[in-house]
Each structure stands twice: as C-alpha cells, then as structure tokens.
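Chemist: With the sequence up front, the predicted model follows.
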Amino acid sequence: MSALVLFSSAQIARQNAGSLGVLCTKAHYSTDAPRALRTTDLAAMKRGTGGRSSFNGMVATVFGCTGFMGRYVCNKLGKIGTQMILPYRGDHYDAIRLKVTGDLGQVLFQFYHLEDEESIRKAVRHSNVVINLVGRDWETNNFHFNDVHVEGARRLARISREMGVERFIHVSALNASPHPEPLILKEGSKFLKSKYYGELAVRDAFPEATIFRPADIYGQEDRFLRYYAHVWRRQLRWMPLWHKGEKTIKQPVFCSDLAQGIDANMWGYVRYDMRWDPSFMLKVRLTETICPSFKVADLHTERVEREYVTDVVLPSIATLEDLGVTLTKMEDQIPWELRPYRAAQYYDAELDEFEKPAPPNYIGAAARV
C-alpha cells in the first residue's frame with residue numbers, strides 16, 4: 001500500500017477490491033516534491049476550515065515551551081491548527097497554562113529530562129516537526145552552557161533524526177561566535193560561544209535543520225526591557241553603561257514578530273545606543289554571589305557582557321522581512337510593556353494632557369552588515 005502527500009486536503013482513491021489505494025493531497029505548486037506519510041490513519045490527515053479548531057496535519061513537539069518564547073510560539077502554532085506535544089521538566093503547573101493555546105485534545109504534555117534519551121524519544125515519536133527553545137542565560141550547578149546549548153541541542157537533533165522527524169527548528173543567538181570579543185569578561189561571553197558550537201552540533205546531527213538567530217527579544221515578562229526597568233539594574237538615579245553606550249548598537253526584536261519567523265536570522269526594526277558606568281560591576285558580582293540560582297533583575301556577568309555586544313547581521317541569511325513579517329517598532333510597544341514600571345500609577349492622565357515624548361534618535365534603519 002502506497003501513500004503520498006503534497007499538501008492541502010486529503011483525497012482517497014479505492015481500488016475495485018475496496019481496499020485503500022493511494023492517499024494523496026492536492027499540490028499548491030508543480031515543483032512540490034511528494035513525501036511519504038508517517039501513517040495512513042485518517043485521524044492524522046488535515047481537516048477543518050483552518051484556525052484553532054481545525055487540524056493542519058502537523059504535529060509539533062516544542063522543547064522549552066515553559067520559557068519566555070514558548071507561550072508565543074505555542075499560541076501561533078495553536079492558532080493555525082497544529083497539534084502540540086509539550087515536554088516539561090519541572091512542575092506541571094508551569095506548562096498547564098499552555099493548554100488553552102489549542103483546541104480540545106490538540107495540546108498534550110509529556111514529562112522529560114534533557115539527559116534522558118528515552119523520555120525525549122517518547123516526546124518526538126509522533127511528531128513531524130520539533131522546535132528547540134531550550135536555553136539558559138546563566139549557568140547553574142546542574143546545567144552549564146555546554147550541557148544545554150551544545151550537548152542538549154545535539155541530543156535533541158540526533159534523536160529527532162533517528163525517530164524520523166521531518167523538520168527540526170533550533171533557536172540560537174544572533175551574535176553567536178567561536179571567539180566573541182571580550183568586553184567585561186576576559187574570555188568573552190561563554191553564552192555566545194556555546195550557542196555557536198550548539199549550531200554546529202545541530203548541523204552535524206540534523207543537516208537539514210532550520211536555525212533561528214534572534215537578537216534580544218522584548219515582550220511580556222521579557223529579560224530585555226524589564227532588565228533595564230528593574231531598580232537593581234540602576235545606581236540610585238542613574239544607569240551605568242559601558243562607554244556611555246556609544247560603542248554598542250542593539251536591534252531588539254518583538255516576541256510576537258519572532259514567533260512568526262521560522263528562518264535563520266532575525267532582528268528588530270531600528271538601532272539604538274547603550275550607556276555604561278564601571279562602578280556598576282560591584283553590584284553584579286554581589287548579585288552572583290548572593291543569588292547563584294535566581295538572579296535578581298536577571299543581573300549577572302554573562303548578561304552584562306552580552307549587553308554591550310553590537311548586533312551583527314550576516315548578509316547571506318534570510319530575515320523576518322523576507323518572510324513578509326511587518327516588524328514592530330519598540331517605541332510603539334514599550335508604553336504597554338513597561339506600564340507597570342511607570343511612576344504615579346494611581347494618576348490616570350487625560351487625553352492630550354501631556355505632550356507625547358519624542359522618539360529616541362536612530363542610528364539608522366536596521367541594515368545588514
């Protein structure tokens with residue numbers, strides 16, 4: 001019995017004997033290559049008119065679903081009718097809130113551990129797409145950067161390949177490099193170095209993998225805007241920044257824009273300056289010593305090191321704009337994201353009572369370097 005699929009709705013042809021013959025779907029383009037189905041079960045076929053209450057024929061396993069980007073990615077997947085398998089490592093209450101991102105029966109949970117290969121196999125055996133959002137901003141006693149970004153990513157990619165997964169999507173970092181320039185730390189950012197070698201590990205285990213390379217991401221409960229808004233990041237009434245921020249350029253990307261992109265490189269809309277004061281490092285070291293597991297305001301040396309790394313975009317890699325995504329300007333989104341940090345919250349200003357502040361000076365539109 002043969003089975004082929006090209007896309008769109010299923011059509012069934014029966015032979016004279018009445019047995020199931022060829023199962024295929026209508027192609028969108030003449031150049032689309034047929035691919036073998038994992039199963040001929042009709043329950044696995046695309047159905048519905050599209051949307052959250054339909055099924056688009058895709059089963060996606062999202063590792064790292066309980067993290068910052070996980071909720072946005074799962075919501076986008078559920079909105080187009082994707083069935084999701086959501087592995088989680090800690091308390092199930094961290095993941096249960098994602099149940100509403102899909103329709104009834106479309107969101108399934110699976111306990112796993114990044115070093116337990118059998119639990120990973122259970123999580124990906126029914127999927128044709130695997131998305132790796134697993135990552136750490138700082139090292140802990142249980143997981144170092146190499147354990148998560150390199151060996152963990154290699155393990156997920158290898159097992160996905162062995163289990164017949166059709167597509168593997170890996171999230172890296174925009175400035176990943178084997179030799180990041182040292183700014184605050186003598187050896188440079190170990191985070192960016194591990195992200196680079198993680199990309200190599202994924203390519204080695206799953207050559208056809210798609211790699212995301214996002215810049216700093218901002219949105220609800222992010223670690224970019226709230227990092228600067230937190231009182232612990234400031235020194236009384238000023239904010240210390242390296243070389244007054246005149247040597248650093250950042251291109252942050254909105255989380256919702258990133259969730260729409262599936263290509264290899266993405267960044268924000270415009271470029272902004274950053275600023276610095278060396279006396280600030282005493283507070284950073286103190287925070288790392290007192291809070292080894294949970295960093296107050298996400299303040300640690302690795303974060304400070306990456307804070308002053310200028311975003312560099314490779315010209316040969318596709319971007320969000322190439323995918324037709326309309327990028328969100330920070331000045332349009334920041335008032336909503338940082339509203340909880342606004343002074344005098346009890347006072348509700350009337351319309352046009354205060355003049356709208358001027359936007360920050362742009363260095364220029366986001367350009368490929």
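Modeler: Yes, it's here.
Chemist: so what's the spatially most central residue of the chain scoring on pLDDT?
Modeler: With distances taken as CA atoms, centre = their mean, Met69 lies nearest the centre of the chain, 4.8 Å away. Here the pLDDT value assigned to Met69 is 86.
Chemist: Not counting sequence-adjacent ones, nearest residue to it?
Modeler: Counting by CB to CB, 6 or more residues apart in numbering, Met69 lies nearest to Leu133, which is 5.4 Å off, once chain neighbours are set aside. In this view, the C-beta of every residue, glycine as well, is placed from N, C-alpha and C.
Chemist: neighbours of the one you found, just the number please.
Modeler: Under the neighbour criterion other CB atoms under 10 Å, Leu133 is assigned a count of 20.
Chemist: hang on, it packs against Gly70?
Modeler: Yes. If you go by CB atoms under 8 Å, Leu133 and Gly70 touch, sitting 5.6 Å apart.
Chemist: which residues are common contacts for these two?
Modeler: Residues touching both Leu133 and Gly70 (CB atoms under 8 Å, 6 or more residues apart in numbering) are 62, 64.
Chemist: got the contact list for the residue nearest to the centre of the chain?
Modeler: Contacts of Met69 (CB under 8 Å, 6+ apart): 133, 171, 217, 255, 258-259.
Chemist: can I get those in a markdown table with pLDDT and secondary structure?
Modeler: Shown next, in a markdown table, are the contacts of Met69 (pLDDT from 0 to 100; DSSP: H, G, I helix; E, B strand; the rest coil):
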| residue | pLDDT | secondary structure |
| --- | --- | --- |
| Leu133 | 92 | coil |
| Val171 | 88 | strand |
| Ile217 | 81 | strand |
| Cys255 | 73 | helix |
| Leu258 | 68 | helix |
| Ala259 | 74 | helix |
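Chemist: Just the buried residues out of the residues you listed, in ChimeraX syntax.
Modeler: Burial among these is assessed by 16 or more other CB atoms under 10 Å; the matching ChimeraX selection reads:
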select :133,171,217,255,258,259
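Chemist: Among the contacts of Met69, which one lies nearest to Asn56?
Modeler: Of all the contacts of Met69, Asn56 sits closest to Ala259, with 16.4 Å by CB to CB.
Chemist: Can you give me every residue that contacts the closest one?
Modeler: 69, 72-73, 75-76.
Chemist: Of the residues you listed, which is the most crowded?
Modeler: Val73 (26 neighbours).
Chemist: doesn't Asn132 make contact with that residue?
Modeler: No. Assessed by CB under 8 Å, Val73 is found out of contact with Asn132, at 10.8 Å.
Chemist: okay, how far is it across stretch 207-215, tip to tip?
Modeler: 23 Å (CA to CA, to the nearest Å).
Chemist: Ranking helices and strands of the protein by mean pLDDT, which lands last?
Modeler: strand 10-14 (a mean of 33; mean pLDDT, DSSP states H and E).
Chemist: returning to what we had before: give me the phi and psi angles of the residue nearest to the centre of the chain.
Modeler: Here is the backbone geometry of Met69 (degrees, to the nearest 10): phi -80, psi -20.
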